[in-house]
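Enquirer: predicted structure and sequence below. I'll ask about it afterward.
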Amino acid sequence: KSLDEKIKLIETELAYYQRYALSINSHIKLDTNNLFKSNKVETFNKNAFNDCHSVDKNIEYIYIFPSARTTEILINCNIMNSNYLLHIDNQGNVKINE
């Protein structure tokens, strides 16, 4: 996957979790140590967070709330044999961290 494709995959996955959190009126907790998987909901695209990990080892989970608010986090992703630092903002938007 290209960098743009990877960013779109992650944003689509986060939007899926945002809709799901709203539908159950509860937060979704994603495990940063387990490919950002949730114990509440199946992944939409299990490849979205492949080869990605949290930069801050103290952050074990990110949360997605029914309001669509998302924990801000920096993740490092290996994309086409290059490492990219990506920032997920509190709305679930993904950008290259510069």
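Expert: Nice, thanks for sending it over. Residues are numbered from 1 along each chain as shown.
Enquirer: okay, strands next: where are they in the protein?
Expert: Ranges of strands in the chain, per DSSP state E, are 28-31, 37-38, 52-54, 61-64, 73-79, 82-88, 94-96.
Enquirer: any idea which of those gets closest to Leu3?
Expert: Nearest of the strands of the chain to Leu3, taken as C-beta to C-beta: strand 73-79 at 5.3 Å. C-beta here means a position set from N, CA and C on the backbone, and glycine is covered the same way.
Enquirer: just the CA atoms of the closest one, as CSV, please.
Expert: The C-alpha trace of strand 73-79 is given here as CSV (Å, rounded to 0.1, in the frame of the first residue of the first chain):
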residue,chain,number,x,y,z
ILE,A,73,-1.9,9.6,19.2
LEU,A,74,1.3,9.3,17.2
ILE,A,75,1.8,6.0,15.5
ASN,A,76,4.8,4.7,13.5
CYS,A,77,3.8,2.8,10.4
ASN,A,78,6.1,0.8,8.0
ILE,A,79,4.8,1.5,4.5
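Enquirer: in TSV: the strands of the chain, plus mean neighbour count, mean pLDDT and distance to Leu14.
Expert: As requested, the strands of the chain are exported to TSV (neighbours: other C-beta atoms under 10 Å; pLDDT from 0 to 100; distance: least, C-beta to C-beta, whole Å):
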stretch	mean neighbour count	mean pLDDT	distance to Leu14
strand 28-31	20	95	9
strand 37-38	18	91	11
strand 52-54	17	95	12
strand 61-64	19	96	7
strand 73-79	17	96	11
strand 82-88	15	97	7
strand 94-96	14	97	8
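Enquirer: out of those strands, nearest to Ile7?
Expert: Of the strands of the chain, nearest to Ile7 by C-beta to C-beta is strand 94-96, at 4.7 Å.
Enquirer: so what does the closest one touch, helix or strand wise?
Expert: helix 3-24, strand 82-88 (3 or more C-beta pairs under 8 Å, 6 or more residues apart in numbering; DSSP states H and E).
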